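J.: What would the 3D arrangement of this be:
(2 chains, ligands or ions: 4)
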Amino acid sequence: MALNDRHAEAVAGIVDRVVTRYRRDPTCMVQILREVQEACDWISPEAIDRLQATLGVPRTKIEGVAGFYSFLYLQPRGKYRILFSDNITDRMHGNLTLMERLCSSLWIEPGKVSEDGLVSVDKTSCTGMCDQGPALLVNNLAITRLSEARIDEIAELVRSNTPLAEWPADYFTVEDHIRLPDILLGSQMAPGDALRAAHGRAPSDGLMSSNMRSWREGLPTGLGGPAAMLDEIKRANLRGRGGAGFTTGLKWEACRNAPLKSGQQRFVVCNADEGEPGTFKDRVLLTSYADLVFEGMTAAAYSVGARRGFLYLRGEYRYLLEPLNAVLERRRKEGLLGADILGIPGADFDIEIHLGAGAYVCGEESALIESLEGKRGTPRNRPPFPVTNGYLDQPTIVNNVETFAAAALIALKGGEWYASIGTKHSAGTKVLSVSGDCERPGLYEYPFGVSIRQVLADCGARDTQAVQVSGPSGICVGPAEFDRTIGFEDIPTAGAFTIFDNSRDMFEVARNYVHFFQHESCGFCTPCRVGTALLKNLMDKLHNGCGSPYDFAEIEKMNQLLQSTSHCGLGHTACNPVLDTIEKFRPAYEKRMTRKDFAPAFDLDQALAAARQMTGRDDPGAHIIAEEFGEGSA
Amino acid sequence: MSHTFTLDGKTISFEEGQTIMQAATKAGVFIPHLCYHPEFKPHGSCKLCTVKVNGRQTASCTMRAIAGMVVESDTPEINDERRTLTQMLFVEGNHFCPSCEKSGNCQLQATAYHLGMMSPHFDHFFPDRPVDASHPEVLLDFNRCILCSLCVRASRDVDGKNVFALSGRGIDTHLIVNAKSGQLADTNFTLHDKAAQVCPVGVILKKREGFAVPIGERSYDKQPISATVEAKQEGY
Ligand SMILES: Cc1cc2nc3c(=O)[nH]c(=O)nc-3n(C[C@H](O)[C@H](O)[C@H](O)COP(=O)(O)O)c2cc1C
Ligand code: SF4
Ligand code: SF4
Ligand code: FES
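T.: Ligands and ions are numbered 1, 2, ... in the order given. Predicted structure coming up:
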């Protein structure tokens, strides 16, 4: 048999095995592609042939999905696929120099595959290891605390073709770094306690009657628990921890009241996509508080009447898949998942883990659902909303990891207790992922209402110039605003708290964020797809020393357009980091203004570089000095 | 049951379930659009049809009409934004109108005229998008693709063939065809497919028919794109 045929046969065997495990279900496309790639290193045309045959879907669908996700490859990327995390904090720790070191040691260029097909090295968006960066992913497994020595060792391991399983375990250690626990990070709850408490609670009369119909529909009769659980969540004033702060009780109630067509059911989805640069709290919650999160999901399912749930785990956290599956398995054994949970007849609920594949936009809840359904992660047109038309067009709640963890605490201790913590409009606590210029990066949990100043003091930050709260899509505050507080009344946040001291160039911070948005735009709508690319070009133009006040006007125009016409939140917020830093750190921009009114991005002298190289000339006559042609420096 | 809303001060009646775009079109009011086509499921990606509803901007091709809503469309502010979106589409691809077979029949070009677009304004991206001339009857010039997905929807929903799809992400989003070789010749695409007729720009072109109708006598040479809405209205 020819080598090619043998190869195709081997690939077909792998594809068949994976596809069978997913019941030949095309809605599992993302999982299927990811697993095929784990076995084959990439998604080859032969693999697509077989997928097409076994799943009965057109090739265009498979290639369209595979092409969307950063971690799925339609071209070979090497046996070792190394991606350096490129968040601003990784930059501050010298990730680019380390990447160059690895590339030169392996004799390759960034973004390219080595001649022998062994290895490729490239960059990727924030991997959620900001408190222990710089970090990289090798075949989607995270390696933290990179140093020159570690990079040299990695080069050697790659060169010697050492299987990943034999790389030093120490590389893959991910620390929790819990610096300041409160009710959530300090919780000692035993698995099942929250559910028992929820089940035992009697509903208040009002809720009981208003929800009679819906909870009867979803759950066996005679149960007080579900309505009471919802009642507690409402009483707690819990608001979503994913950023937007939508009232959790309303969301759950809307889902519970959504009519079901025949054959339909309700779903609970935990959003663990955590892609916002600078956020890593969900990673820690899933590492050390998984029971709390799953228990919150189960309480939610109990309350809305759902039988199936998904945890959408970002691809960067691939290493958590097995430990989390082990927790789920244990909970099944303990009767906390599966059929008749806690012995309550008809209280059935189970959770599956769905792993993402490198797409920040999949954190947007409707894009997340599309991805769960095995599609490209394009946000949907809304309305309708997921609470009525979510996963496979069925009522679905999507909540953040921390929201579910908080729900478990509420189930256990009641809504009133929870509402008494924090502020009037922001009940409870918030877990912050602190990183950047401070002595003790890691997780800090505070009751809402804590000031920026307090957090800076607690984590040992000095000479702080700025804090980016809630990542690039959030807001950048300077020292004049350090008395502002975390909470929905003032500065809402999904959790990122990135600190920059006086040595940092805030223009470069904004530029890094703009590159992030450009890379992560899904490309569906014109304003965001093209606008983020134009914005990136503008910032690069300033970086290259071709700035003028004209560019400020262009940035402002882009902001207007993206705010008002983008399809989803990514586009709406993509200009935030630039606008904020222009407003608050204008000198960083002024420095880059080389002309009084306009400077072109096109650099004549640069354009001649290739000609100079070819002719071997580099004398003054081979250069064009811009000043001689322009209208003079500012 | 019939209800009404106002569009730029004009009372528009609509039926339950209709979008703003559908109702406006039926009433003979033109709202610029590129990814919308009355025969296909609305998509909402080009954002040219953005209008202001009760003060908030939204795509009128996907937004259901609600009785009493106040919609603004033909305002300087919104038309400015539409013009910028059009400029973005021009610089994202390679649109050299004078050398394009679709000139005069092209919705992007006609929309640019309608909006008074005088220059591309932004620096061109000049993407590298090789042409696919493999098919005996049809040429694919990807340089002009605006990713409206009309061909995707037509092939999937009408032809039942799935010849086209979008792949890639962000600014790298691009059209692909259903063949291992990536070539149109290796698909079951034919000139009779609905998908062969829907492209609003000059990507899907019939071969050996260049300039059959001279430029100057083409659809939008004779009447502006805004006039087409009345024609469509008669078709209802
Ligand atoms: C571009 C984008 C990315 C998002 N990423 C996340 C995320 O990683 N995690 C998250 O919980 N919510 C994310 N969200 C918000 C979700 O759409 C949704 O509001 C949230 O999951 C709801 O949960 P909550 O009510 O518990 O906050 C994102 C939104 C947008 C627009
Ligand atoms: S705003 Fe950006 S990310 Fe959101 S749908 Fe539009 S292109 Fe996609
Ligand atoms: S080929 Fe034409 S119809 Fe298809 S997506 Fe591109 S512009 Fe739209
Ligand atoms: S026509 Fe409505 S978004 Fe394109």
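
J.: is stretch A:286-300 anywhere near ligand 1?
T.: No. Judged by CB under 6 Å from any ligand atom, stretch A:286-300 makes no contact with ligand 1; its nearest approach is 10.2 Å. Every residue, glycine included, has its C-beta placed from N, CA and C.

J.: In three-state terms, label A:Glu352 for me.
T.: strand (DSSP: H, G, I helix; E, B strand; the rest coil).

J.: Run a quick neighbour tally on it.
T.: Using other CB atoms under 10 Å in any protein chain shown, A:Glu352 is surrounded by 14 other residues.

J.: any idea how far ligand 1 is from it?
T.: 18 Å (CB to the nearest ligand atom, to the nearest Å).

J.: Let me know the secondary structure of the closest residue to that residue other than its chain neighbours.
T.: Computed as CB to CB, 6 or more residues apart in numbering or on different chains, the closest residue to A:Glu352 that is not its neighbour in sequence is A:Phe310, at 5.5 Å. Three-state assignment for A:Phe310 (three-state DSSP): strand.

J.: show me the contacts for A:Phe310.
T.: Going by CB atoms under 8 Å, 6 or more residues apart in numbering or on different chains, A:Phe310 touches A:267-270, A:351-354, A:372, A:391.

J.: Make TSV out of these and add pLDDT and distance to B:Asp128.
T.: Output for the contacts of A:Phe310, formatted as TSV (pLDDT from 0 to 100; distance: CB to CB, whole Å):
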residue	pLDDT	distance to B:Asp128
A:Phe267	98	43
A:Val268	98	45
A:Val269	98	39
A:Cys270	98	41
A:Ile351	98	45
A:Glu352	97	41
A:Ile353	98	39
A:His354	97	35
A:Leu372	98	34
A:Tyr391	98	39
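
J.: before we move on, back to that, roughly how far apart are the residue nearest to A:Glu352 and A:Pro168?
T.: Noted for A:Phe310: a distance of 34 Å to A:Pro168, by CB to CB, to the nearest Å.

J.: Check A:Tyr73 too.
T.: For A:Tyr73, the distance to A:Pro168 - CB to CB - is 26 Å.

J.: Of these two, which one has the most company?
T.: The neighbour comparison of A:Tyr73 against A:Pro168 (other CB under 10 Å) goes to A:Tyr73, with 21 against 12.

J.: The more buried one: what's it in contact with?
T.: Contacts for A:Tyr73 (CB under 8 Å, 6+ apart) come out as A:37, A:41-43, A:66, A:81.

J.: just A:Ile351 next, same as before
T.: A:270, A:294, A:297-298, A:308-311, A:328, A:337.

J.: So which of those residues is the closest to ligand 1?
T.: The nearest member of those to ligand 1, counting by CB to the nearest ligand atom, is A:Cys270 at 8.5 Å.

J.: Verify the contact between the closest one and A:Val293 for me.
T.: Yes. A:Cys270 is within contact range of A:Val293, at 6.5 Å (criterion: CB atoms under 8 Å).

J.: any residues in contact with both of those two?
T.: Shared contacts of A:Cys270 and A:Val293 (CB under 8 Å, 6+ apart): A:311, A:401, A:404.

J.: among these, who's most crowded?
T.: Counting by other CB under 10 Å, top hit in the shared contacts of A:Cys270 and A:Val293: A:Val401 with 31 neighbours.

J.: okay but that residue is in contact with A:Asp273, surely?
T.: No. Counting by CB under 8 Å, A:Val401 stays clear of A:Asp273, with 9.5 Å between them.

J.: quick one: low-confidence parts of the chain?
T.: If you meant another chain, say so; for now it's chain A. Scanning chain A for pLDDT under 70 picks out A:1-3, A:202-224, A:626-634.

J.: wrong one, I was asking about chain B
T.: Checking chain B against pLDDT under 70 turns up B:1-2, B:230-236.

J.: what does the stretch 451-600 of chain A put close to ligand 1?
T.: So the stretch 451-600 of chain A meets ligand 1 at A:568-570 (CB under 6 Å from any ligand atom).

J.: Apart from its chain neighbours, what residue comes closest to the most centrally placed residue in chain B?
T.: Taking CA atoms, centre = their mean, the centroid of chain B lies closest to B:Leu34, which sits 2.2 Å from it. With CB to CB, 6+ apart as the criterion, B:Leu34 has its nearest non-adjacent residue at 4.2 Å, and that residue is B:Cys46.

J.: which ones are touching the one you found?
T.: A:525-526, B:33-36, B:85, B:89, B:146, B:148.

J.: can you give me the helices in chain B?
T.: B:20-26, B:76-92, B:107-114, B:150-153, B:219-222, B:228-235 (DSSP state H).

J.: any chance of these in JSON lines, with distance to A:Asn502 too?
T.: Formatted as JSON lines, those follow (distance: least, CB to CB, whole Å):
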{"stretch": "helix B:20-26", "distance to A:Asn502": "51"}
{"stretch": "helix B:76-92", "distance to A:Asn502": "38"}
{"stretch": "helix B:107-114", "distance to A:Asn502": "48"}
{"stretch": "helix B:150-153", "distance to A:Asn502": "52"}
{"stretch": "helix B:219-222", "distance to A:Asn502": "58"}
{"stretch": "helix B:228-235", "distance to A:Asn502": "59"}
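
J.: Which one of these lies nearest to ligand 1?
T.: The closest of the helices of chain B to ligand 1 is helix B:76-92. By CB to the nearest ligand atom, the value is 20.2 Å.

J.: and for stretch B:207-216, what are the contacting residues?
T.: So stretch B:207-216 is contacted by B:101, B:103-104, B:135-139, B:221 (CB under 8 Å, 6+ apart).

J.: Determine which two of these are furthest apart.
T.: Largest separation among the contacts of stretch B:207-216 by CB to CB: B:Pro136 and B:Asp221, giving 29.8 Å.

J.: of the two, who's got more company?
T.: Each of B:Pro136 and B:Asp221 has its neighbours counted (other CB under 10 Å); B:Asp221 has more, 15 against 11.

J.: Please enumerate the strands of chain B.
T.: Assigned by DSSP state E, chain B shows strands spanning B:2-7, B:10-15, B:50-53, B:56-59, B:70-72, B:138-140, B:164-167, B:174-177, B:204-206.

J.: okay, those, which one's buried deepest?
T.: strand B:164-167 (a mean of 25; mean count of other CB atoms under 10 Å in any protein chain shown).

J.: Only alpha carbons, please: show it as CSV.
T.: Extracted C-alpha coordinates of strand B:164-167, given in CSV (Å, rounded to 0.1, in the frame of the first residue of the first chain):
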residue,chain,number,x,y,z
PHE,B,164,-20.2,28.3,-0.7
ALA,B,165,-19.3,29.1,2.9
LEU,B,166,-17.3,31.6,4.9
SER,B,167,-14.1,30.5,6.5
